[in-house]
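Visitor: Give me coordinates for this.
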Amino acid sequence: MTIPYVGKCFPTAADFLAYLDTIQFKAWTPRFVTMHHTGGPSLATWRSYGNRKVPITDAQWMKNLAGYYGNEKRWSAGPHFFFTPANFCVLSLPDRRGVHAVSFNATSWGVECVGDFDSEAFTPDLAQRYAEGLACLHVALGNRPDPYVFNTSGLHFHRDDPKTTKTCPGRKVDKAAMVALIKAQMERLTGTGAHDDDDPPPPVVPAKRKGRVNVAAGDFLAVRDEPSAKSPETRRLAPGEIIDIIGEATNGATRWLKIASPDGGDFVAARYVVEA
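Guide: Model prediction:
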């Protein structure tokens, strides 16, 4: 019996972000992202998949993994995502807790990056590729990869779990370097690093409808002066709060909603709003 799984693979960050934008969290919301490496398959083994008599695509591999975790491991789920040099793949349902690190299953998304980075080189190209996928996840959650607070916030490595002796995601992966790469990719994806104060803001398309803030209990939704994750925060909205949507704008790969306010309107990330 396979675990409940998604099985989708996205070759580009734009496609991956578009998928992540469809997720509606309900009873469970991850607080942070935990990075792993697969160890097995190694990069060399993964590359051999395409050269087999019957090639194994990433999508087929996800199907195989769903059976492995369900039938052999007897788990209720697996890691949420698998990143390969070719695709950002979704295995377990992102709106439910997965199984990937004992201490972090209940609090984070788990991401397996193909490779054995105790023995294989964590090349600059691979680091950038995996940082791009991790940046998508942080953008989708509205989180930053730092500061690190154990089991609360910031990028976690599997080896941060005190209940493991693993080196995962590999001795050759440095957290400070990954955090810097992720932050740079986040700026690129959201458009916040591509312009300065002299550049015009993205155009706003008028709209007129209502929405409801969809964040976890005890959390909040930041309202910003402009459609940018780097724009100053003007106020905060509580879970379930009803808002008037008066426009839409797209900055990089992120869709923003302009909402009514006394000074004419400010912006929230669309992924945290259920529109009426």
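Visitor: Over to the residue lying farthest from the centre of the chain. Which of the three states is it?
Guide: Most distant residue from the mean C-alpha position of the chain: residue 53, 34.0 Å away (Cα atoms, centre = their mean). Under the three-state scheme (DSSP: H, G, I helix; E, B strand; the rest coil), residue 53 adopts coil.
Visitor: now it: how far from residue 247?
Guide: 55 Å (Cβ to Cβ, to the nearest Å). C-beta here means a position set from N, CA and C on the backbone, and glycine is covered the same way.
Visitor: Could you do residue 81 as well?
Guide: Distance of residue 81 to residue 247, given as Cβ to Cβ: 32 Å.
Visitor: neighbour count winner among these two?
Guide: Counted by other Cβ atoms under 10 Å, residue 81 and residue 247 do not tie: residue 81 has more neighbours, with 27 against 18.
Visitor: got a list of what the residue lying closest to the more buried one once chain neighbours are set aside touches?
Guide: Nearest residue to residue 81 in three dimensions, chain neighbours excluded: residue 111, at 4.6 Å (Cβ to Cβ, 6 or more residues apart in numbering). Residue 111 makes contact with 33, 34, 35, 36, 79, 80, 81, 82, 83, 133, 134, 137, according to Cβ atoms under 8 Å, 6 or more residues apart in numbering.
Visitor: For the stretch 51-200 of the chain, just list every one of the helices.
Guide: 58-67, 124-141, 175-190 (DSSP state H, counting those that start in this stretch).
Visitor: and the second one with helix 175-190, angle?
Guide: Just to be clear, that refers to helix 124-141. When axes from the mean of the first three to the mean of the last three Cα atoms, to 10 degrees is applied, the directions of helix 124-141 and helix 175-190 differ by 60 degrees.
Visitor: Touching helix 124-141 from outside, list them.
Guide: Outside of helix 124-141, the residues within contact range by Cβ under 8 Å, 6+ apart are 13, 16-17, 20-21, 23, 30, 32-33, 35, 43, 81, 83, 85, 88, 109, 111, 113, 115, 144-145, 155, 173, 177-178, 181-186, 188-190, 229, 253-254, 271.
Visitor: Now the buried members of those.
Guide: 13, 16-17, 20-21, 30, 32-33, 35, 43, 81, 83, 85, 88, 109, 111, 113, 115, 144-145, 155, 173, 178, 181-183, 185-186, 188-190, 229, 253-254, 271 (16 or more other Cβ atoms under 10 Å).
Visitor: follow-up on the earlier one: just put the helices of the stretch 51-200 of the chain in JSON lines and tack on distance to residue 97 and mean pLDDT.
Guide: JSON lines is the format used below for those (distance: least, Cβ to Cβ, whole Å; pLDDT from 0 to 100):
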{"stretch": "helix 58-67", "distance to residue 97": "16", "mean pLDDT": "97"}
{"stretch": "helix 124-141", "distance to residue 97": "14", "mean pLDDT": "95"}
{"stretch": "helix 175-190", "distance to residue 97": "22", "mean pLDDT": "92"}
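Visitor: Would you mind finding the most buried of those?
Guide: helix 124-141 (a mean of 21; mean count of other Cβ atoms under 10 Å).
Visitor: how about stretch 117-124: buried residues?
Guide: Result for stretch 117-124 [16+ other Cβ under 10 Å]: buried residues 117, 118, 120, 122.
Visitor: Does the last one touch residue 115 like I think?
Guide: Right, the one you point to is residue 122. Yes. Between residue 122 and residue 115 there is a contact under Cβ atoms under 8 Å: 7.1 Å.
Visitor: This completes my enquiry, with thanks.
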